[in-house]
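>>> Sequence and predicted structure are below.
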Amino acid sequence: MKLDFSTVNWEEVSTATTDTLTMMLFSVLFTFIIGLPLGVLLYLTGKSNRAAAKPVYAVVSFIVNILRSVPFVILMIAIIPLTRIIIGTSIGVEGTIPPLVIAAAPFFARLVETSLREVDRGVIEAAQAMGASTWQIVRKVLLPEAMPGLIAGTTITAVTLVTYTAMSGMIGGGGLGDLAIRYGYHRYEFEVMIVSIVVMVLLVQVLQWIGDALVRKFTRK
């Protein structure tokens, strides 16, 4: 089979790439806004000895586990009514962002919880000995100490969201996934499929490179 990349509509590839970046960036932003406090809540209630904290952790952990266990394509279809209520549509770039956030936020929350658990207990005890409140410990000790792990978790989440945006193309989500399915699969234009794959691979490589650079910057020597 001879490939002819002169038939590729590069304007559509550019538009699809922009749509993928838009979906990924907004999803990462809202995932961070929701997932970070959710992860902190999981950490605080999980390690607390207070009787009231245990039920809170059990409920939140149960909900997080349920959302993490549902495949993204199924989740996206299942919450179409909710997406229409929030955005007004369930297709295109706008209609894809809510399910992306709902799928990624619990995943990121677990990464946040894990990063906070890895903070040196001695640093936390020192802050407690100086009379720091829980909020002060979270803001001035836990989050700064866990910064490399949080950045790594954000990078992993962003890369995962790139793959989710591709899957959203199966039901009209737009972006490179939609382009690859419409042209590469339905019309057998394999050149478009290859270009879409290459662009997504490059995007993931760039995200990982940025994440690794930031982790090195914030890691104490």
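Structure's in. What do you need?

>>> Grab the most central residue of this structure for me.
T157 (3.5 Å; Cα atoms, centre = their mean).

>>> quick one, helices of the chain?
Using DSSP state H, the helices of the chain run over residues 10-47, 53-69, 72-78, 80-87, 92-117, 121-129, 134-137, 143-145, 147-168, 175-179, 190-218.

>>> List the contacts of the third one.
Read that as helix 72-78. Residues outside helix 72-78 that contact it (Cβ atoms under 8 Å, 6 or more residues apart in numbering): L67, V70, T96, P99, I102, A103, Y164, M167, S168, M170, I171, G173. The C-beta positions use only the backbone N, C-alpha and C, and glycine is treated the same way.

>>> Please report how far the last one lies from T15.
So the one you mean is G173. Using Cβ to Cβ, to the nearest Å, G173 is found at 14 Å from T15.

>>> between these two, who's got more neighbours?
G173 (28 against 15; other Cβ atoms under 10 Å).

>>> need the contact list for the spatially closest residue to the more buried one that is not a sequence neighbour.
Spatial nearest neighbour of G173, chain neighbours left out: T96 (4.1 Å); criterion: Cβ to Cβ, 6 or more residues apart in numbering. By Cβ under 8 Å, 6+ apart, the contact set of T96 is M23, M76, T165, S168, G173, G174, G175.

>>> how far away is T96 from L21?
13 Å.

>>> I'd like to know how many residues surround L142.
When neighbours are counted by other Cβ under 10 Å, L142 comes out with 24.
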